[in-house]
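Peer 1: Pasting the sequence and the predicted coordinates here, then a few questions.
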Amino acid sequence: MELDIFIVDAFTQDQFKGNSAAVVPLEEWIEPVLMQKIATENNLSETAFIKVLSSNKYEIRWFSPLTEIDFCGHATLASSYVILNHLGCHGEIEFLTLKVGSLSVNQLNDGRIEMSFPNQCPEPLSDIPQALLSGLSLKPAQVLKNRQAYFAVMSTEDEVRAIRYRSEQLKQLAPLDVVVTARSNEYDFISRYFWPANGGDEDPVTGSIHSGLAPYWAEQLSKSDLVAYQASQRGGVLFCRVVKDRVLVSGFGVLYLQGKVYV
């Protein structure tokens, strides 16, 4: 079997920054076991498999090197980049997912790809798991939670940049991941994302978690349009807008590789 594959750096305008995702377009679904093997072999944060339903409608599934993922933003952006630039699609794209419903995507005039996500604002948590506290080198000022992750709100952005994590402790929080965040001077807020239970130690840029970060910070900062920075080693910039029950997350993409998979 011969499959097309693309690798796109998402949430950046520069190669080797942002978060890399592989995109594999399919005419028919292949076995999930094979999809997982391909994702493991790629060894990127995420591999997205997309199946065309009509000219602008696709089904999408996301796999980390370890497991299938419910929701992934940067691989959705990468998939949209491939569809718009290499598969001949124009206009709004609709993705059908297994866990988070329908996702719509548009390309803005400046080239950014804007994705409409469900609002997944976290709720405050009073009973904080010990594994979370022992898994982070600094104590959060507040902890919240949504369906995807624990949100550790730090007092300063310097704490976010300096914090160290202990993978074995954070793995005990599975299936949830951990995002640390704080208000920023240069941006509206910054974050880092740790997911040892589901994909790796630190994710370079995580689009999906901004469906929770953006509404949280929109409330804290009393503004609906925000610019976020994920402060990983690669780093990435995300533009967010909170609109009722949706969160619009946009960013740029850059093609790194186009090739074939032989399985």
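Peer 2: Thanks, I have it.
Peer 1: Format the CA atom coordinates belonging to stretch 244-255 as CSV.
Peer 2: What follows is stretch 244-255, C-alpha atoms only, in CSV (Å, rounded to 0.1, in the frame of the first residue of the first chain):
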residue,chain,number,x,y,z
LYS,A,244,-20.3,32.3,23.0
ASP,A,245,-20.0,28.5,23.0
ARG,A,246,-17.1,28.4,20.4
VAL,A,247,-13.4,29.3,20.6
LEU,A,248,-11.8,30.4,17.3
VAL,A,249,-8.1,29.5,17.3
SER,A,250,-5.9,30.5,14.3
GLY,A,251,-2.3,30.4,13.3
PHE,A,252,0.1,29.9,10.4
GLY,A,253,1.5,26.7,8.9
VAL,A,254,4.7,25.9,6.9
LEU,A,255,5.3,22.8,4.8
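Peer 1: Walking through the stretch 51-200 of the chain, point out its helices one by one.
Peer 2: In the stretch 51-200 of the chain, the segments counted as helices under DSSP state H, counting those that start in this stretch are 73-86, 130-135, 157-162, 167-171.
Peer 1: So which of those is nearest A141?
Peer 2: helix 157-162 (9.0 Å; C-beta to C-beta). Every residue, glycine included, has its C-beta placed from N, CA and C.
Peer 1: hang on, the earlier thing: for the helices of the stretch 51-200 of the chain, give me TSV that also has mean neighbour count and mean pLDDT.
Peer 2: Output for the helices of the stretch 51-200 of the chain, formatted as TSV (neighbours: other C-beta atoms under 10 Å; pLDDT from 0 to 100):
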stretch	mean neighbour count	mean pLDDT
helix 73-86	26	96
helix 130-135	16	97
helix 157-162	16	98
helix 167-171	16	95
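Peer 1: Of these, which is nearest S232?
Peer 2: helix 157-162 (10.0 Å).
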